[in-house]
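**Q** Could you look at this predicted model? Sequence included:
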Amino acid sequence: MTATTLSLPVERTRRPSQSRAEAVAAYVLSAPAIICLFGILLLPTLATFVLSFTDWQFGAPTLRWIGLDNYVHLAGDRVFWKSLTNTVVYVAVVVPCSVLLGLGAALLIEAGTSGRAFYRAAFFLPVTATLIAMATVWEIMLHPSIGLINVLIEALGFSKQNWLKDPELALFALAGIGIWQALGLNMVLLLAGLKSIPRDLYEAAAIDGADGPWTRFVTVTLPMLGPALSFVLIISAIRSFQVFDTVAVLTEGGPNKATEVLLYTMYQEGFGFFRAGYGAAITVVFLVFVLLLTLIKARLAEKRVHYS
Amino acid sequence: MNGARTLPFAIFRHVVLAAGAVVMIAPFIWLLSLAVKPADEIFTTDIRLLPIRWDAERNFTEAFSKVPLHRYLLNGVIVTAAIFFLQVLVALPAAYALAKLRFGLSRPLFALVLLGLLIPGHVPAIPHYIMLSSAGLLNSYAALVLPSIISVFGIFWIRQFFRTVPDDLIHAARLDGLSEFSIVWRIMLPAAIPALTAFGILSVVFHWNEYFWPLLVVTSPDMATPALGTVYLRNTEAGTDYGPLMAGTAIITAPLVIAFLLAQRRFIEGMTLTGLKG
């Protein structure tokens, strides 16, 4: 890298026309990306912000600037608060469970040599599968009378549950599906973290007398895995914050708003009730939360680089 | 962890992992099992993996006759292929310029790419919908493809990869008289294959499985993508005939699952990019 930065200016002083040609080529080559970046991503995102300050509805001929009214309305909207709370609860269940189970799977897989590829594939399979399709399978497995899960639960002596129709359980049933789907990705990212821990650290720890599996885990594995672990925590938080598919297909936010989540509320307000301005305001709130998580992630990613 | 390889631990490891694997795979096994069972064997509390009476043929033909499953699959192929192709077409030259060329707006442009990485796809959805709707493009391939042709993650990822390509390769190509344009497509594209494979898997899996956006812009079954198609199939079902529903679901899930089983390492590589993408 240093070699190029040193050699380029030399070339440039020798041939100024070439450097201008290089810049022209660069602009031509990046022009499509610049146009798309603004036209598809940045300006529409800006438009979402602008819309959130208007009362515009899809198809309406006019729109009015209403300042912060949408946000004031949101602050007093019980469905919105329910939705925000549900989303946070969902994240608070899915993240620790999927990360801990992913970590457990990664540690156990790494602890031996046999069956590694099989277990890794089995745990990773749900990550690639079409969630919306598998949600239907889960729905049948969660069926109140003939569902596999209820049948097994009853065989174990517990009573059957109407998982997706019980307001107390529905969000957690969806979280269960979320954990099932997210676990494999966390496992794979943590496996990569585990592999990067130098072997001699374990030997050094053994010399220092840390030879029980638990002591080794606490003194070597956990501290060395720390950065990878926090990275995985944040990305699974960002991903589970975007929960939509299972809600839209299995519960439609119900029963009685028990599974109403942020993106689903945005979808309903914006596209179900055609209140584009209000939907945009919810989107902005959604973006703020995701940005907060992303900024934490960026900090952690920097740290991670220092460690490795 | 070397000391832990005692026999009781090995047994413990396999028991726990196997139990976990069973839970993870169970929905797939159950999906296949239900897809070949007749209705009366689905509506029972007996747990039976294989049916007493096989009804696979009826279930699969029913699934295909209820909804245009082949059309969903075809749409899935068209949409994911078009998106990936256009993403590369837009991203690759820009990534080359950002990684290897000196130009005044290089830094600001890269900063905008990083800014773009922060924005989830749902955020510009309402303006996208408005634009496509006023252009009369709703319910078309254009509506499904256009919002996704810019992948800031793709630009970022390929740019990072290009920085590892030696400059000598490019200098040599220039001495041979290749234009910057030919360098991009004849030198850099082949060099980027590993990065593009990982990115391609991520892109295809994401758009094959995407539900939110197709749900917004697709209004007729013949434009449905695979994920949306399973929902159409569900809607033809009043909760009585699960066999065909499961058969159809199996068909729509199959391509990615089979591709994953055939190329696990590459898939895992590609999908872990989601970690960077957020």
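**A** Okay, I see it. Note that the coordinates shown come from a computational prediction; the quantities given were computed from them, not determined experimentally.
**Q** give me every residue that touches the residue positioned nearest the centre of chain B.
**A** Nearest to the mean C-alpha position of chain B, by C-alpha atoms, centre = their mean, lies B:V205 at 1.0 Å. If you count contacts by C-beta atoms under 8 Å, 6 or more residues apart in numbering or on different chains, B:V205 has them with A:T128, B:L256, B:F267, B:G270, B:M271. C-beta: built from backbone N, CA, C; applies to glycine.
**Q** Just the ones of those in helices?
**A** A:T128, B:L256, B:F267, B:G270, B:M271 (DSSP state H).
**Q** Throw the residues you listed into a markdown table and include pLDDT, neighbour count and distance to A:V72, thanks.
**A** Formatted as a markdown table, the ones in helices among the contacts of B:V205 follow (pLDDT from 0 to 100; neighbours: other C-beta atoms under 10 Å in any protein chain shown; distance: C-beta to C-beta, whole Å):
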| residue | pLDDT | neighbour count | distance to A:V72 |
| --- | --- | --- | --- |
| A:T128 | 86 | 24 | 43 |
| B:L256 | 89 | 23 | 44 |
| B:F267 | 79 | 23 | 47 |
| B:G270 | 76 | 22 | 44 |
| B:M271 | 74 | 22 | 42 |
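**Q** which one among these gets closest to A:G104?
**A** The nearest member of those to A:G104, counting by C-beta to C-beta, is B:M271 at 20.1 Å.
**Q** how close does the closest residue to A:L152 other than its chain neighbours get to B:S133?
**A** Spatial nearest neighbour of A:L152, excluding adjacent residues (C-beta to C-beta, 6 or more residues apart in numbering or on different chains): B:I47 at 7.5 Å. Using C-beta to C-beta, to the nearest Å, B:I47 is found at 49 Å from B:S133.
**Q** who has more neighbours, the two?
**A** B:S133 (16 against 11; other C-beta atoms under 10 Å in any protein chain shown).
**Q** picking up where we left off before, out of the ones in helices among the contacts of B:V205, which two sit at the greatest distance?
**A** Taking every pair in those and measuring C-beta to C-beta, the maximum separation is 11.4 Å, between B:L256 and B:G270.
**Q** hey, which helix is longest across chain B?
**A** Chain B, longest helix under DSSP H: helix B:69-100.
**Q** Give the other helices and strands that that one contacts.
**A** Judged by 3 or more C-beta pairs under 8 Å, 6 or more residues apart in numbering or on different chains; DSSP states H and E, the packing partners of helix B:69-100 are helix A:16-36, helix B:106-117, helix B:141-145, helix B:152-162, helix B:193-209, helix B:226-235, helix B:242-262.
**Q** Out of those, flag the one nearest B:D55.
**A** Among these, helix B:242-262 sits nearest to B:D55 (C-beta to C-beta), with 6.1 Å.
**Q** Quickly check: that closest one near chain A or not.
**A** Yes - residues of helix B:242-262 are located near chain A by C-beta under 8 Å from any C-beta of the partner chain, namely B:Y242, B:L245, B:M246, B:T249, B:I252, B:T253, B:L256, B:V257, B:A259, B:F260, B:L261.
**Q** quick one: which of those residues is nearest B:V152?
**A** Of those, the one sitting nearest to B:V152 (C-beta to C-beta) turns out to be B:L256, at 23.9 Å.
**Q** Distance of that closest one relative to A:L233?
**A** For B:L256, the distance to A:L233 - C-beta to C-beta - is 27 Å.
**Q** again with B:I252
**A** 32 Å.
**Q** Please parse the chain into its domains.
**A** No chain specified, so I'll use chain A. A:17-51, A:72-307 (automatic domain parsing).
**Q** wait, chain B
**A** When chain B is cut into domains by automatic domain parsing, you get B:2-64, B:68-236.
**Q** Lowest mean pLDDT across those, which one is that?
**A** Lowest mean pLDDT within the domains of chain B: domain B:2-64, at a mean of 81.
**Q** Surely B:R102 and A:Q18 touch.
**A** No - B:R102 lies out of contact with A:Q18 (C-beta atoms under 8 Å); the separation is 10.3 Å.
**Q** so A:M134 makes contact with B:I25?
**A** No - counting by C-beta under 8 Å, A:M134 sits too far from B:I25 to count as a contact (11.6 Å).
**Q** These two - which one has more neighbours?
**A** A:M134 (25 against 15).
**Q** got a list of what the closest residue to the more buried one other than its chain neighbours touches?
**A** Once flanking residues are discounted, A:M134 sits nearest to B:P27: 5.7 Å by C-beta to C-beta, 6+ apart. Residues counted as contacts of B:P27 (C-beta under 8 Å, 6+ apart) are A:P126, A:M134, A:V137, A:W138, A:M141, A:W180.
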